[in-house]
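> Model the structure of this input:
(chains A, B, C and D)
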Amino acid sequence: MSDFTSDEMMTIAASRALGNSDVCFVGIGAPSAACNVARLTHAPDITLIYESGTIGTAPDVLPLSIGDGELCDTAVTTVSVPEMFRYWLMGGRITIGFLGAAQLDKFGNINTTVIGDYAHPKTRLPGGGGAPEIASSCGEIYITMKQSLRGMVEKIDFFTSFGHGEGGDHRQRLGITTKGPTLLITDLAVWKPDRHTKEFTVVSLHPGVTRDQVQANCGWQVKFAETLEETPAPTETELKTLRDLKARTDAAHRGPGTDQAA
Amino acid sequence: MSDFTSDEMMTIAASRALGNSDVCFVGIGAPSAACNVARLTHAPDITLIYESGTIGTAPDVLPLSIGDGELCDTAVTTVSVPEMFRYWLMGGRITIGFLGAAQLDKFGNINTTVIGDYAHPKTRLPGGGGAPEIASSCGEIYITMKQSLRGMVEKIDFFTSFGHGEGGDHRQRLGITTKGPTLLITDLAVWKPDRHTKEFTVVSLHPGVTRDQVQANCGWQVKFAETLEETPAPTETELKTLRDLKARTDAAHRGPGTDQAA
Amino acid sequence: MASFMSLRDAVSQNLKDGNAAAFEGFTHLIPHAAAHEAIRQGFKDLTLIRMTPDLVYDQMVGMGMARKLVFSYIGNPGVGLLRRARDAIENGWPNRPEIEEHSHSGMANAYEAGAAGLPCAIFRGYKGAGLAQVNANIKSVTCPFTGEELAAIPSVRPDVSFIHAQKADRKGNVLIEGIIGIQKEAVLAARRAVVTVEEIVDDLDAHPNLCVLPAWTIDAIAVVPGGAHPSYTHGYYVRDNAAYLEWDRIAAERDTFLTWMKENVLDAGPEVFAGRVGKLRRTS
Amino acid sequence: MASFMSLRDAVSQNLKDGNAAAFEGFTHLIPHAAAHEAIRQGFKDLTLIRMTPDLVYDQMVGMGMARKLVFSYIGNPGVGLLRRARDAIENGWPNRPEIEEHSHSGMANAYEAGAAGLPCAIFRGYKGAGLAQVNANIKSVTCPFTGEELAAIPSVRPDVSFIHAQKADRKGNVLIEGIIGIQKEAVLAARRAVVTVEEIVDDLDAHPNLCVLPAWTIDAIAVVPGGAHPSYTHGYYVRDNAAYLEWDRIAAERDTFLTWMKENVLDAGPEVFAGRVGKLRRTS
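Have a look, this model is predicted:
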């Protein structure tokens, strides 16, 4: 199967990083698609948790929001939001937090709060939501985003959530005991933090992608691993699962209420 | 209706102090009987809360414990124990906390923890349970107990729950904003705290009871109000309601499992 | 004790200019009808509290009702930014509300502490996060047993909270089902509480452990079928995802926004909501 | 991830000498069968944690298994004192356990904080109460916003928690209904969790908002019909109030106690519980 988009490659590569015994706190957008592809392919028993309180959910279509009814209908249980953040997130029950980013730096620090100055922003973004504590309370953090010079920057405008800070042992120095970002999956490559510096390093290029392409779409000087692998192309099953999911989702989101007033 | 016991008078006098709009945190024993007589007579809409998490309960028989199934079956809702103590008690939602006592002093301080020294007790009692925070978080506290020299003492052995401490404004000095004990109903009399000293003062004698009897069964020098009233005798309805409730309760507690091993 | 009344009376009797008000709902059960009624009645200088301010807050901010916003995620979930809120924060149109921003964990803990009658919430949070530098209400306390530094923020105690729920019984006990979010806490943390419901029933007939707010925790109940639209009411109608997508276009420009508000809010009433959910009802 | 196994294996694999162990249940769903299995296996030096230690703790204390007791109400609810616990505390028979005593509010908050992964619980409590003088684990912190002094106690983090529940599905998800007490917190606060259930079903078929513990929060599940007796399991059998009254007589003397323990615990097995609840089952 050679005919796939870079977006599809990104989602499928991300889905492969998830296992059957993971308990995954799912952000909306690309993370949600990746988590559900994993569930529908190699990890049928993965536990997906959305911050709206739905635990062990198995939606047939991707939710538009983190609180669509589908998530509750298919969940093992649905708890209140304080319980979600106290017992399940802060309680250390989540193995993987899956985040997207508007701005990302090489140490996995994320900004989804503002572009420009906080007090006088050029662009006011939605803000962190659950991310500040997802980043510190989950066992480890996976990040997925499309590469761009605007998105992958040398210096983010605001520390919405803390990755490895200035790198090295910065997390430990702040008293954070979890691993932080351990994986970055973009539309071009798979990245992992260097063991010592914690700087994200490309370990695998997606099929047909060059080093120059990765660098051309990243705002910092990219480091590549000594042995660079090629990400296996999507299998037919993976691609069909993702496309079917997207098709069901698009149909559902156009929905029966299109001609209604908002 | 002249034929009633002092116990019955106590329970019925206590029941009269409760109103339709009260939200009452019910202790087990005499408080539970009084609260349910109130509900079955003049206060059908009273909200009874047991610390097991049952809110707005209406048991047909008195529970032996604070968590009998009957309480849940008849409740408006049943919440977890942390929620009960956080949102409902500490949240300030309870108008009246109804407590019994093993030892009581004239300022409404209660001991149900130990007789003798705490570290080397002569008698280890069950302890406070909910009482320490019931005493400080409820709008006001009603106490009911049978009088005895052993129970109503000059000095209690342990401050399980704080009433008016050493009297006067002791509560305010500790930063407690609720009223504390405002009513004591014994098998002989109705008592209210003096407005200034906060010492419990007899305001009403039950029918046929003398001042000497009250003093003979109380370990401190009893103060009597200038105008001393006589507690109205139980009405036929009150007495029938209480006796029917007790009869149903006794039958239920003997239960179907009497011949089973514990 | 809950009184049944029209939405108009419920809002006018419980919301005042200058109040701190929460219109809560975590994607599900968002009290759109109540917010529209507040817009029609033209309140000013509100401190608007909500974990996830979305369309109704975009609308209230765009109409100039907000003096201050307290929130943890100010977006159109799954769609993008809130264009009226952006215009207010970035350009001061029609005014520039003050901002107090938290994380979800912070807001959830702050509501929980409010419901528990505590002055502050204490939790493990904001480690390395930029909000701790820009929000003076993020402080810390030290655990007296381990020495760990924990985050402390003031509890949320709204003057009034508005929520939407499935149903009330005739005594005024209210049932909330599905994604229950932060609604119980929003009601219990508030001085006054207003609930819109899909319907009144003789008996809630609810399992003992479901989320029921007793009548005596609520001040006013108004029946508004469809009152959560374009959010949804589990068991009654589904989320109007298309309307959320459409809002992005409406809110893009000031004049399309104002035209829409006049037509759909100012010149309308709570009775229009039933019609809006007609095609979204599901029998399952 | 929950494994199904015999009660014997569930206890032997998860409880160790010297552990801090909670056998929780707030009147309802008390894990009597699990406690009896622990007694049969003869564990020592346990720190026994429970809000309302009643008959099973009287039995474990009387058998000399407890090095320390952490509790908020040590009585036979509605009946009176616990005579074996008294004998241990007052007379040191068979040993004198250390005591850490809290209020219900304290214990409930400490379990809640344990489930939330926090080192301590902070709440408004113990004001003017004598426990604050005799328990070194009752400290305070100051609210950084209002200056109010709040109580602080360490969170409860048992090595292992035992609970009894209505049922599990075949994946090991567990449903608890009725008076749910502190069981969810006891499980989530603990390093390991063991659940006895009345039955295994294909599908819990539970409303989304009920108290369900996902399989991956539990270590072992054992099926023990009647396993809560003389406590009760809502929907299965009622509380054996007569047995609670009878316990007062059995525990009054050391020899009647020991005779009863031999006959009913040491020489018995989990299978006897089904018979004990035979007459207590209700179809309603």
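
> tell me the pLDDT at A:A30?
Note on A:A30: pLDDT of 79.

> what about the closest residue to it other than its chain neighbours, which SS state?
Nearest non-adjacent residue to A:A30, counting by Cβ to Cβ, 6 or more residues apart in numbering or on different chains: A:T144, 4.7 Å away. Placement of C-beta: from N, CA and C, glycine included. The three-state label given to A:T144 by DSSP: H, G, I helix; E, B strand; the rest coil is strand.

> Can you report how many residues neighbour A:T144?
As a burial measure, the neighbour count of A:T144 was computed by other Cβ atoms under 10 Å in any protein chain shown and equals 25.

> and the gap between it and A:T178?
Note on A:T144: its distance to A:T178, by Cβ to Cβ, to the nearest Å, is 19 Å.

> What's the local residue count around the residue of the stretch 151-284 of chain C found nearest chain A?
Per Cβ to the nearest Cβ, C:A243 is where the stretch 151-284 of chain C lies closest to chain A, at 3.6 Å. Using other Cβ under 10 Å as the criterion, C:A243 is surrounded by 21 other residues.

> Give me the buried stretch members for the host helix or strand of it, please.
With the criterion set as DSSP states H and E, the secondary-structure element containing C:A243 is helix C:241-250. Of the residues in helix C:241-250, those with enough neighbours to count as buried (16 or more other Cβ atoms under 10 Å in any protein chain shown) are C:241-248, C:250.

> Quick one: mean pLDDT for whichever helix or strand comes after that helix?
Elements were assigned by DSSP H and E; along the chain past helix C:241-250, the next helix or strand is helix C:254-261. Confidence over helix C:254-261, taken as the mean pLDDT, stands at 98.

> close to chain A, is the helix or strand following helix C:254-261?
Heading C-terminal from helix C:254-261, the first helix or strand you meet, by DSSP H and E, is helix C:272-276. Yes. Contact between helix C:272-276 and chain A is present through C:272, C:276 (criterion: Cβ under 8 Å from any Cβ of the partner chain).

> Beta-bridge partners for A:K223, please?
Beta-bridge partners recorded for A:K223 (DSSP bridges): A:T201.

> so what's residue 6 closest to, chain neighbours aside?
If you meant another chain, say so; for now it's chain A. Here the nearest residue to A:S6 in space, its sequence neighbours aside, is A:D187; by Cβ to Cβ, 6+ apart that works out to 3.9 Å.

> you looked at the wrong chain, it should be chain C
Using Cβ to Cβ, 6+ apart, the closest residue to C:S6 is C:A222 (6.1 Å).

> So that neighbour versus C:P270, what's the distance?
As it turns out, when the distance is counted by Cβ to Cβ, C:A222 lies 7 Å from C:P270.

> What number of residues are in the vicinity of the closest residue in space to C:A189 that isn't next to it in sequence?
Leaving aside its chain neighbours, C:A189 sits nearest to C:G114 (2.9 Å; criterion: Cβ to Cβ, 6+ apart). Using other Cβ under 10 Å, C:G114 is surrounded by 27 other residues.

> can you check A:E166 too?
A:E166 sits with 12 neighbouring residues when counted by other Cβ under 10 Å.

> What strands line up against the helix or strand of chain C with the lowest mean pLDDT, and which way round?
For chain C, counting by mean pLDDT, DSSP states H and E, strand C:80-81 ranks last in confidence among helices and strands (a mean of 92). For strand C:80-81, the paired strands and their directions (DSSP bridges) are strand C:75-76 (antiparallel).

> Name the residues that touch the partner strand?
Strand C:75-76 is contacted by residues A:125-127, C:52, C:54-55, C:58, C:81-82, C:244, C:247-248 when judged by Cβ atoms under 8 Å, 6 or more residues apart in numbering or on different chains.

> Please enumerate the helices of the chain.
I'll assume chain A. Shown for chain A, the helices assigned by DSSP state H span residues A:6-16, A:30-40, A:69-73, A:81-83, A:131-137, A:170-173, A:211-216, A:236-254.

> That was the other one, I meant chain C.
Listed in chain order, the helices of chain C (DSSP H) span residues C:7-14, C:32-40, C:55-62, C:83-91, C:104-115, C:131-134, C:183-189, C:241-250, C:254-261, C:272-276.
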